[in-house]
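Colleague: Predicted model and sequence follow; I will ask about them next.
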Amino acid sequence: MGLRESIGEHRAWAGVAGALLIIAVGVFALREVRSPDGASAAAAAQAYYSTDDGAHFFPASADLVPPCDIEGKTAVRAIVFTPDDGKTKFVGYLERYTPQAKNEIETNRAALKAGNRNVGPPTAAMNGIEVKKPGASNPWVPRSNPQKAGAIMSPTAPGGGALELVMP
């Protein structure tokens, strides 16, 4: 079965996956917007992170570039959802940058901080994001792979209800 047929048969899920992808791209774009002094505009904003493969999550600066070190542990971004207006929250999927993308982002930030205003957009970062479902046995998948990443980025609610994205 081809992608079109699959989308046609599962329009609701395709819509959810598309909406989540748009939200994720919007969050990424917002994080990468820079103020005139070269600092990230989202420096005061927070995002969720996990150091134990999604079993637990906690807020930290959204300006971090995962995987990153938080209190001596490797942390990745945790995308958190709720099925019941925030009473229950869970990690729907995890997100990190490839080493090449992370390096490009950090190099661009350092150049901006040093006063270089000729820094282009982080092209490797756009294609260098990986996602995975929580759980040690689940593999990291490039977010640019619509079929595999779309399935990961479309978590299901316990009991099958609608999900809302949760921000710290």
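Modeller: Received the coordinates, thanks. Numbering: from 1, shown residues only.
Colleague: contact partners of the longest strand along the chain?
Modeller: Longest strand in the chain, counting residues (DSSP state E): strand 73-82. Residues outside strand 73-82 that contact it (CB atoms under 8 Å, 6 or more residues apart in numbering) are 24, 47-51, 54, 57, 60, 64, 66-69, 88-96, 153, 155, 157, 163-166. Where you see a C-beta, it was placed from the backbone N, CA and C, and this is true even at glycine.
Colleague: Buried ones among those residues?
Modeller: For those, a burial check counting by 16 or more other CB atoms under 10 Å picks out 24, 47-51, 54, 57, 60, 64, 66-68, 89-96, 153, 155, 157, 163, 166.
Colleague: Identify the residue spatially nearest to the most centrally placed residue in the chain, adjacent ones excluded.
Modeller: Closest to where the C-alpha atoms of the chain average out (CA atoms, centre = their mean) is E95, at 4.5 Å. Nearest residue to E95, sequence neighbours excluded (CB to CB, 6 or more residues apart in numbering): R77, at 4.3 Å.
Colleague: now do G161
Modeller: P83 (4.8 Å).
Colleague: who's in contact with the one you found?
Modeller: A157, P158, G159, G161, A162, L163, E164.
Colleague: Next step: the residues you listed restricted to strands.
Modeller: E164.
Colleague: Give me the buried stretch members for the longest strand of the chain, please.
Modeller: Buried residues in strand 73-82, defined by neighbour count with 16+ other CB under 10 Å: A75, V76, R77, A78, I79, V80, F81, T82.
Colleague: Just put these in CSV and tack on distance to K132 and pLDDT.
Modeller: Output for the buried residues of strand 73-82, formatted as CSV (distance: CB to CB, whole Å; pLDDT from 0 to 100):
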residue, distance to K132, pLDDT
A75, 14, 98
V76, 9, 98
R77, 11, 98
A78, 11, 98
I79, 11, 98
V80, 15, 97
F81, 15, 96
T82, 20, 94
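Colleague: Tell me the confidence at P158?
Modeller: On the pLDDT scale, P158 is placed at 76.
Colleague: so how many other residues sit close to it?
Modeller: 11 (other CB atoms under 10 Å).
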